[in-house]
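> Okay, sequence plus prediction incoming.
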Amino acid sequence: MGFHARRWIGLTGLVLFVLIYVATAMEFGARVIVPMHGAVHFAYYVIAGFAWTLPAMAIIKWMRRVPRPEQR
């Protein structure tokens, strides 16, 4: 797979992942976390705010990987 194709696939996957993650995290926070104490709100949103970066880093690392030269 070429570098440009990998970049576009990764970009599309990253955007879709972030949109789905944000919607899921907000919905979970609104339904489950709202009746809880304010400290739980703070902790949840701090953790949820940083948790998406780990999968995003993996996608970006995959996108930036240099293709191996073809063997002849």
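Yep, it's here. Just so we're clear, the structure is a prediction, and the values are computed from it rather than from any experiment. Residues are numbered from 1 along each chain as shown.
> residues making contact with the helix or strand hosting residue 43?
Assigned by DSSP states H and E, residue 43 belongs to helix 38-51. Contacting residues not belonging to helix 38-51 are listed as 25, 29, 33-34 [Cβ atoms under 8 Å, 6 or more residues apart in numbering]. (Glycine included, C-beta is placed from N, CA and C.)
> most neighbours, which of those residues?
When the contacts of helix 38-51 are compared by neighbour count (other Cβ atoms under 10 Å), residue 25 ends up highest, at 18 neighbours.
> Which helix or which strand is home to it?
Residue 25 is located in helix 3-28, with elements delineated by DSSP H and E.
> Which of the residues in that helix are classified as buried?
6, 10, 14, 25 (16 or more other Cβ atoms under 10 Å).
> Any idea how far that helix is from the middle of the chain?
With Cα atoms, centre = their mean, to the nearest Å as the basis, helix 3-28 stands 6 Å off its chain's centre.
> other SSEs contacting it?
Using 3 or more Cβ pairs under 8 Å, 6 or more residues apart in numbering; DSSP states H and E as the contact definition, the elements that helix 3-28 packs against are helix 53-64.
> what inclination does the helix it packs on have with respect to helix 3-28?
Helix 53-64 and helix 3-28 are oriented at 170 degrees to each other (axes from the mean of the first three to the mean of the last three Cα atoms, to 10 degrees).
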